[in-house]
Structures are given as C-alpha cells and as structure tokens.
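# just a sequence and a predicted model for now, questions to come.
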Amino acid sequence: MGRLLQRRIGAATAVAAGIAVALVLAGCSSDANSAIKVAAVGYSTVAQVVQAPANIVPKAQVSATAPADGTVTELDVRDGQQVTAGQLLGRISSPAAQQQLAQAKQAAAQASSAGSGVPATGTGFTSAANSARSSASKAFTQAQLAAQQITDPKLRQALLDQISATQSSYDSAINAVAGVINQFEQGLASASQVLAALGQAQSTQAQAAVDVAQRTVDALTVTAAISGTVTLGSGQASAGSGGLGSLSQLISQAGAGANTAAAQALGSAAGGNTASNGTVIAVGTPVSSGGTLFTVTDASALSVAAQVDETDVLTVKPGVSARIQLNAVPGATYPGVVTAVDPGATTSSQGGVTYTVRLSLAAGTLSDGTAAPVPLPGMSAIANLDVLTVQDALSVPSAALVTDGDTTTVWLVTGGVAHKRVIRLGAQGDTVVQVLSGLAAGDRIVVAGADKVSDGQQVG
C-alpha cells in the first residue's frame, strides 16, 4: 500500500513536472510568436501616391532688368500697383549705352574700308580672311561664355540666341570671302571683288553691334510686358547678371582682332556689382547692367510646380489627380490635376535628379469643410499625386513584404509552417500593395513580425 502510494505520488510528481515544463515551453513559444500575426489574403482598393515638394506659381511673371549702367530718371509706378501690358514703368539714363551706340554706328560706317590695307594678292587676302575668322571665333566664344554666366534664364537664352544668329551671319559672310578669294586665285574674280567681300563680312559684324546697341538704348524706356502687380527691384545686379550693353561690347570685337578688349568686356559682363540690400529703386537711384528694375506678376490664375524624383516620374502622366497641401495652411487640401511633365531634368548638388511636373490648382477646403485661403505665388507645398488606383485588387499589407534586392517575398503559412513565397507587385500604396502573381485569395501569410520568421518555423 505504501509502495503503491509512493508510485502514485511519484507519477503525480512526474506529471506535474511535465505540465510545468510544458507550460514553460508554451510560455516561451507564446513570447516568441506574440509579435507574429497571420491573416488571409483578400481584396481591397490600392492607391499608389507619389509625394513631391512643390511651389505655387503665378500665371506669368516677368522681370525687367537694366540694359546698361545708369540712373533712374523717371519712375511712373509705385510698389504693388496694378499695371497693364505696354504701360510705361520708368526710364533710365545711361551715357555709357548712348556712347556704345555712337561707337557702333561709327564702326559700321568705317566697315566699308575694312580691306583697303590688304595686299592685293591671293596670299594677302587669305591671310586677312583667316585672321578675321580667328579673331571673330575668339570673340564669339568670349561672348558665349559671358552669356552663360548670366543667372536670369530668359535673359541668358535671349543673349545666346542673339550671339548664335550673329555668328551664323558672320560665318556666312566670311565663307563668301573665302569663295571669292578662291575665284581670285583662279583669275575669275578681281581684287576689288575680294575687298568688297571682306568689307561685307566686316559690315555684317558691325551692323550686329549696332543692332544690339540700339536695342540697349531702346530698352532704357521700360514698359510692362504683361498685365499684373508690379514690384520694384533694387536695380543692383548680382555677379553674372550682365545686360545687353555687355553683349554689344563683345560682338563689336568680332572680326576686329581686339582680343584683349573682348576679355575685358567679358569681365564686365560677368558682373561684380553688389546684390540687392533690400532697398528699391527711386528717381536718382543708380542702377547696374542686369539689375532688376521691376517685376510684374499676373496672379489671376495659380498653378503648382512639383519636383518629382526620377524614380517616380515615369508613373506621372497628364490627367493624374492630386491633392495639394500648403505649409502655410495646415489641414487644408487643394485639388489639382497634372497638366504637363517637363522633359528637362534638374540635378541637385548632391546628384539627385528631378523633373518639374506642372499641375492646375483649384479652390481648397479646410478640415472643417470651409473654404481655404487663396495661396500666394511662391508658397511652398506638398503635392500628393494619385498615380494609380486599383479597385478590388488582390492585396497584402506592406508590412508583410520581405525584400531582398529585386525579389519581393512573403511568408506563406501552410499547415502552420512558414515558407517564403516570391510575389510580383502592382500598385503600391502606403499601407497595402497589390499582388499580381504568387498568391491567391484565402492564402494565409504572415502580416506582422515578418522579420522574426525563419523558413520552416511553426507559426499560428
């Protein structure tokens, strides 16, 4: 009886110990799996959104800059005034621009005798033509370098176009000289014809300088290019903001053999003037070539310019809807639609590449449903672009994904055991993604704690 009782007690003790061990093991298993959750694959709406920094831009904005160094002699508008296209804004007095025009006209008048000192031989003519071509090439190169340093993109492009057109005309004229020289060497043209061709080449260059100098003088009378609100500038240029006067100096060197003067003109075009100190122009204010005099802004219609990363831009197309959020109006949402994607890229100093995406902008609403304030041009914003929305998409939570290089997998649970399953994704939202292949509705996968699972592990 005592031994039987002892066996029962021993058996009971063993069972109790086994239960204790089982409880401990169960506790460990529960702790290990507590963060792991399993759920069935189902269907939902997946919205893929591209988020990009943006700015509010006006319908149009045009700045008028000083075409040459001078002084404000007339100011016909005040800061913040509404103006119409063509309205007189002010006048600048520039003795330097007037002198440049006079010198250019004098050079053009003398161009007809440009070849008079050239020996009437084939060698002399060829040497003169080559010298003129070399000098012109160097001067045009200097002019292009100077124009490329100008910070205002519209002014820079206008000057580059003017240089290109002038160089093309000059090249045509000097090529004609070469043809006449070749005819002279064959006895088919006279020396006077060669000299006339050389004179024509010089006249082409000289007239180009006159045209630019005249444009500079004409631009001293400043009018509004568009209708809008005018803002007065300081009239002081920052480095690299040369105006039309600088270009006139550079072009006047083409074919003249004055390389030192061209280099000096380049230095003038590169600037060196001080930037704005917060003051605005008034009558009597000195201004520098390239300095901003007036800026006219047409804010009658606002739009959005967003900077989209190169990794996302191919998903952005005209017609894509967007939600715009302003930093200045927290909680407000402004609807927009993509109107265009600029093909030109912008590279940051860190090497990042972005593309400008332009969007329309509609009236916004606050979180309580009331009308949001109308934005001001230049305000910063965030554009949420709804690039892809799929209804009733086979989908899984983003937290279920395990990424290894270009391969995306999930933990597929079959019979309580987890194994990796490769899947292919479609639309990708913030919290849920579309699955194009690799899974079926009803499949059970790990939806939380995927980083804690290993192949073949028992999971609930």
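Structure received. Everything quoted here is computed from the prediction, not taken from an experiment.

# mind listing what's buried in stretch 157-172?
159-160, 162-163, 166-167, 170-171 (16 or more other Cβ atoms under 10 Å). Placement of C-beta: from N, CA and C, glycine included.

# for stretch 44-61, same thing?
44, 46-52, 54-58, 61.

# those in strands, which ones?
The members of the buried residues of stretch 44-61 that map onto strands under DSSP state E are 44, 46-52, 54-57, 61.

# the stretch 201-350 of the chain: helices as residue ranges?
Assigned by DSSP state H, counting those that start in this stretch, the stretch 201-350 of the chain shows helices spanning 244-251, 259-269.

# can you tell me which of those has the worst average pLDDT?
Here the helices of the stretch 201-350 of the chain differ in mean pLDDT, and the lowest is helix 259-269 at a mean of 30.

# just to revisit the earlier point, tell me the one among the ones in strands among the buried residues of stretch 44-61 nearest to Ala301.
Val57 (10.0 Å; Cβ to Cβ).

# neighbours of the residue nearest to that closest one when sequence neighbours are not counted, how many?
With sequence-adjacent residues excluded and distances taken as Cβ to Cβ, 6 or more residues apart in numbering, Val57 is closest to Ala305, at 5.0 Å. Neighbour count for Ala305, taken as other Cβ atoms under 10 Å: 17.

# now Ala305: how far from Ser380?
Using Cβ to Cβ, to the nearest Å, Ala305 is found at 11 Å from Ser380.

# shared neighbours, the two?
54-55 (Cβ atoms under 8 Å, 6 or more residues apart in numbering).

# hang on, the earlier thing: for the ones in strands among the buried residues of stretch 44-61, give me a markdown table that also has pLDDT and distance to Ser137.
A markdown table is the format used below for those (pLDDT from 0 to 100; distance: Cβ to Cβ, whole Å):
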| residue | pLDDT | distance to Ser137 |
| --- | --- | --- |
| Ser44 | 93 | 67 |
| Val46 | 93 | 60 |
| Ala47 | 91 | 58 |
| Gln48 | 92 | 53 |
| Val49 | 93 | 53 |
| Val50 | 94 | 47 |
| Gln51 | 94 | 49 |
| Ala52 | 95 | 44 |
| Ala54 | 96 | 44 |
| Asn55 | 96 | 42 |
| Ile56 | 96 | 45 |
| Val57 | 95 | 40 |
| Gln61 | 91 | 37 |
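
# make CSV out of those and add distance to Thr409.
Formatted as CSV, those follow (distance: Cβ to Cβ, whole Å):
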residue, distance to Thr409
Ser44, 20
Val46, 19
Ala47, 23
Gln48, 20
Val49, 24
Val50, 25
Gln51, 26
Ala52, 30
Ala54, 35
Asn55, 40
Ile56, 43
Val57, 44
Gln61, 51
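
# for Cys400, phi and psi?
No Cys there; residue 400 is Ala. phi -80, psi -10 (degrees, to the nearest 10).

# outline the domain layout of the protein.
50-58+301-389, 60-296 (automatic domain parsing).

# now the end-to-end length of the longest one.
Domain 60-296 stretches 8 Å from its first residue to its last (Cα to Cα, to the nearest Å).

# identify the residue spatially nearest to Gly80, adjacent ones excluded.
Thr229 (6.3 Å).

# who's in contact with that neighbour?
80-83, 296-299.

# ok, Gly179 to Gln103 distance?
For Gly179, the distance to Gln103 - Cβ to Cβ - is 31 Å.

# who's more crowded, the two?
The neighbour count for Gly179 versus Gln103, taken as other Cβ under 10 Å, is higher for Gln103 (16 against 11).

# so the more buried one sits in a helix?
Yes: counting by DSSP: H, G, I helix; E, B strand; the rest coil, Gln103 is located in a helix.

# how close does Ala178 sit to Ser127?
12 Å.

# circling back: closest to Pro343 among the buried residues of stretch 44-61?
Nearest to Pro343 among these, with distances taken as Cβ to Cβ, is Ala52, at 16.7 Å.

# specify the beta-bridge partners of that closest one.
With DSSP bridges as the criterion, Ala52 is bridged to Ala383.

# so it sits right up against Val357, yeah?
Yes: Ala52 is within contact range of Val357, at 6.9 Å (criterion: Cβ atoms under 8 Å).

# got any residues that touch both of these two?
306-308, 383, 385.

# specify which member of the residues you listed is nearest to Gly233.
When the shared contacts of Ala52 and Val357 are compared against Gly233 (criterion: Cβ to Cβ), the nearest one is Gln307, at 26.3 Å.

# how about the closest one, what does it touch?
Going by Cβ under 8 Å, 6+ apart, the list of residues near Gln307 reads 52-54, 346, 354-357.

# ok, now with 6 Å
Shown in contact with Gln307 (Cβ atoms under 6 Å, 6 or more residues apart in numbering): 52-53, 354.

# repeat that for Gly352.
Per Cβ under 6 Å, 6+ apart, neighbours of Gly352: none.

# distance of Gln214 relative to Ala108?
11 Å.

# of the two, who's got more company?
Ala108 (21 against 17).

# pretty sure that one sits against Ala208.
No: counting by Cβ atoms under 6 Å, Ala108 does not reach Ala208; the two are 9.3 Å apart.

# pull up the overlap in contacts between those two.
Contacts common to Ala108 and Ala208, judged by Cβ under 6 Å, 6+ apart, are absent.
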